[in-house]
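>>> Show me the folded form of this:
(chains A, B, C, D, E and F)
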4 protein chains.
Amino acid sequence: MAARVNEETAMKAGGADKRALILDAALDLFRHYGYRRTSMEDIARAANVAKGTLYIYFKSKDELFEALARQLAERVEANLKSVAERGLGTEAKILALLDAKLGFMYRWILSSPHAAELLDSKVELSEDIFGPVDKSFRSSVARALKDGVREGELDPKSAGLSLESATDTLIAAAYGAESGAVDEADFRDRLARIVRLSLRGLRKSA
Amino acid sequence: MAARVNEETAMKAGGADKRALILDAALDLFRHYGYRRTSMEDIARAANVAKGTLYIYFKSKDELFEALARQLAERVEANLKSVAERGLGTEAKILALLDAKLGFMYRWILSSPHAAELLDSKVELSEDIFGPVDKSFRSSVARALKDGVREGELDPKSAGLSLESATDTLIAAAYGAESGAVDEADFRDRLARIVRLSLRGLRKSA
Amino acid sequence: MAARVNEETAMKAGGADKRALILDAALDLFRHYGYRRTSMEDIARAANVAKGTLYIYFKSKDELFEALARQLAERVEANLKSVAERGLGTEAKILALLDAKLGFMYRWILSSPHAAELLDSKVELSEDIFGPVDKSFRSSVARALKDGVREGELDPKSAGLSLESATDTLIAAAYGAESGAVDEADFRDRLARIVRLSLRGLRKSA
Amino acid sequence: MAARVNEETAMKAGGADKRALILDAALDLFRHYGYRRTSMEDIARAANVAKGTLYIYFKSKDELFEALARQLAERVEANLKSVAERGLGTEAKILALLDAKLGFMYRWILSSPHAAELLDSKVELSEDIFGPVDKSFRSSVARALKDGVREGELDPKSAGLSLESATDTLIAAAYGAESGAVDEADFRDRLARIVRLSLRGLRKSA
DNA sequence: CATGAATGAGACTTCATTCAT
DNA sequence: TATGAATGAAGTCTCATTCAT
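Here you go, the predicted structure:
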């Protein structure tokens, strides 16, 4: 009976958005085993569908991956917008922006033992998909820094950096938070410390 | 007879360190095409040996890669030692240490379009090989920071960080220099700016 | 209700002879792309029906092809009958008979770049379906030759052939008209020349 | 013992010209089952090699087929040359030329139940490979007819045909010999009769 | 040691056919 | 009847690894 209900639930879910089911299964496997070591057969099995079914929803393995990347990019974009809308102080806003992008990616991809390969798999592809997100991300951070300067809190010049340069340096440093993080909490700690240190470096000198 | 001499010459030139020849060819190909897209056939051709010969020097493709990693680790280790021996000021020494590790890796691996995959290929493996190097690298940086504190130049406490924590944060931030670097010069610029900014953040507050 | 009416209209228009629609679409695709390169999906799309619908009218792809062949055979049979009924001279009648069979097939199949594969697809099948047609075709040609002999126009004996043998030889030679024809006009020219030459060869020697 | 010898023989043969072994096996299978119904696995099994071995000698299934076609074309070309060198009378020479091309192809390909598909498989390809052969074949036949005219034996004009046209018609008619032939002897009979009839049609009228 | 032909598991993809709706 | 999502067998091709010479 319960089984019957479950079956029906599965059926309803499977019929409607089997696509999402496949993407979930694929992300999971890609994260655990990497792109190339995950076969379409594996994905099909994990998603409880036949191999051929994958090709109804995605033209090829590459396109499946692309769809995954696109999904990720969309969520990051949404996160960034939501952060921008909240009224936050300079450091808090910058931290939130960095977390909106890096933290999200960390949770989805980077925490995987095969993150590197995933990101590497299709560099050109990633450029297309993540390029726009990166652009809007960078301009959000730049705006936040500018606000900090306007409010007299920050002064890149005294550190010998232009606003542009300061933005890039801050973002670059933040990327480092992923380097040796063991879990998400660790990642957040690292990110927070890097931001604190960097912003401290950007403060007006006495 | 003449043939015999030629053979011996060949042996001395290529036979003795054919291993090195193979490693060179492999690194080159891995950097250009990635681990999985480089076949043993490719490596053999590039090293001017037969496919079977590769298996005389390396038990498998994975072991060949491991040997490459080990070679890299040894050179980084040597670099670090040489930096420690030079008498440098705090910021200069820290920058030199970071460059000794990150810069060297950048030149060898990260500048490749397939860096990610290379590093990913064998994470566990990397742990074994790069773990010791990382440890000595970290302690070198920590010592340099400690020196800076002793000389009154730096004060992690005023940034709310312990010496340990400051070391980790600095290193993490430095890793970010690789994130979007387009070439080695760009990488060095990024690294220098990150270090400057971070050390500025670690200065004694007025 | 209105929907109901529409449905019925659709049924009258497409439902009644959806079978014919499918056959038309299939022949078109087979001619252009060949049997194996035409998928059931392609046929369904071209016929504006769902894939499953094909299997309501035809048990399998092979049976669909068989139905096509049967249709073709019926039309050839009809053509032959109509030629026999017309009162034509020997050469004209023979040419008309050959055109009724070969010309018709040329227009339908052989002019396709994938004729060979189509004819090959089911040789055994073709035997069943085209066997009777071939038989009646051959006897029509034989009768025409016989008439020519009776009228003193032809004399297979002087060419060293029996009537039977002459019939077979003539038909075989005519088949050659298809060999390198580039279009229907070319085919007809070839056929006419072959017939003229062959009948000339069957004339009474002086 | 005998087995042992056979094995060694096989080994010697296999090492030297496994390529030929594969081609033989492939031709055999293609003739019996057609191009598309013959899998690379089938060919490998028939040639007693592993699947991968096929790809050492041929880049793809298509290239394997192309090699087969090329081999065939070469042999036909050689046959034509050998016929031209023999001093034969008009009819005998023409028959020999037609047999050198059509007969040879018949033995190799056309006698197969899947001849049509084989020839169809790669029409463009065949054009490249058989085009030159066809050209030299046609010019040989044309020359033979011309000789017949010079010797006063033939007179295409009286049949309303130019030499060119007569050549094409003769060749086309000859192609028809393949149409319903059941075996090689039958094919030769048909060809002989078609040639006799056609040449009779080209004779000088009294 | 060196060679390179041979192997065969395994990857991606297609498509005729089925079946619940 | 009609639909079209789902199936899964089968096909082509790659490549790390072995082994007889």
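>>> Do I have it right that A:Gly160 meets B:Arg196?
Yes. Between A:Gly160 and B:Arg196 there is a contact under C-beta atoms under 8 Å: 7.2 Å. Where C-beta positions appear, they are placed from N, C-alpha and C, glycine not excepted.
>>> Please point out which parts of stretch A:74-92 sit buried.
By neighbour count with 16 or more other C-beta atoms under 10 Å in any protein chain shown, stretch A:74-92 contains the buried residues A:76-77, A:79-80, A:83-84, A:90-91.
>>> which of these lies closest to C:Ala181?
Closest approach to C:Ala181 among the buried residues of stretch A:74-92 (C-beta to C-beta): A:Glu77, at 61.4 Å.
>>> do you know how far A:Lys135 is from A:Leu161?
20 Å (C-beta to C-beta, to the nearest Å).
>>> who's more crowded, these two?
A:Leu161 (20 against 10; other C-beta atoms under 10 Å in any protein chain shown).
>>> Model confidence for the more buried one, exactly?
What the model reports as pLDDT for A:Leu161 is 95.
>>> residue in chain A nearest to DNA strand F?
A:Gly52 (1.6 Å; C-beta to the nearest atom of the strand).
>>> Three-state assignment for that residue, please.
Following DSSP: H, G, I helix; E, B strand; the rest coil, A:Gly52 is assigned to helix.
>>> And A:Tyr35, by the same measure?
Going by three-state DSSP, the state assigned to A:Tyr35 is coil.
>>> residue contacts, it?
By C-beta atoms under 8 Å, 6 or more residues apart in numbering or on different chains, A:Tyr35 lies in contact with A:65, A:114, A:117-118, A:121.
>>> do you know how far it is from C:Arg143?
For A:Tyr35, the distance to C:Arg143 - C-beta to C-beta - is 72 Å.
>>> ditto for A:Arg31
For A:Arg31 relative to C:Arg143 (C-beta to C-beta), the value is 79 Å.
>>> okay, those two: which has more neighbours?
A:Arg31 (18 against 15).
>>> isn't the more buried one right up against A:Leu110?
No. Counting by C-beta under 8 Å, A:Arg31 stays clear of A:Leu110, with 9.5 Å between them.
>>> Residues of chain A that sit close to DNA strand F?
Selection of chain A residues close to DNA strand F by C-beta under 7 Å from any atom of the strand yields A:14-15, A:18, A:48-53, A:55-57.
>>> Separate out the buried members of those.
A:18, A:49, A:53, A:57.
>>> Please flag which of those residues sit within helices.
A:18, A:53, A:57 (DSSP state H).
>>> In terms of model confidence, name the weakest of those residues.
Ranked by pLDDT, these bottom out at A:Lys18, which has 93.
>>> quick one, what contacts that residue?
With C-beta under 8 Å, 6+ apart, A:Lys18 has these contacts: A:47, A:49, A:53, A:57.
>>> The residue of chain A found nearest chain C and D:Leu154: what is the separation?
Closest to chain C within chain A is A:Ile56: 11.3 Å, counting by C-beta to the nearest C-beta. Distance of A:Ile56 to D:Leu154, computed by C-beta to C-beta: 66 Å.
>>> how about the helices of chain A, start to end?
A:2-33, A:40-47, A:51-57, A:61-85, A:90-98, A:104-105, A:115-121, A:123-150, A:163-175, A:184-202.
>>> which other helices and strands contact the fifth one?
Spelled out, that is helix A:90-98. helix A:61-85, helix A:123-150, helix A:163-175, helix A:184-202 (3 or more C-beta pairs under 8 Å, 6 or more residues apart in numbering or on different chains; DSSP states H and E).
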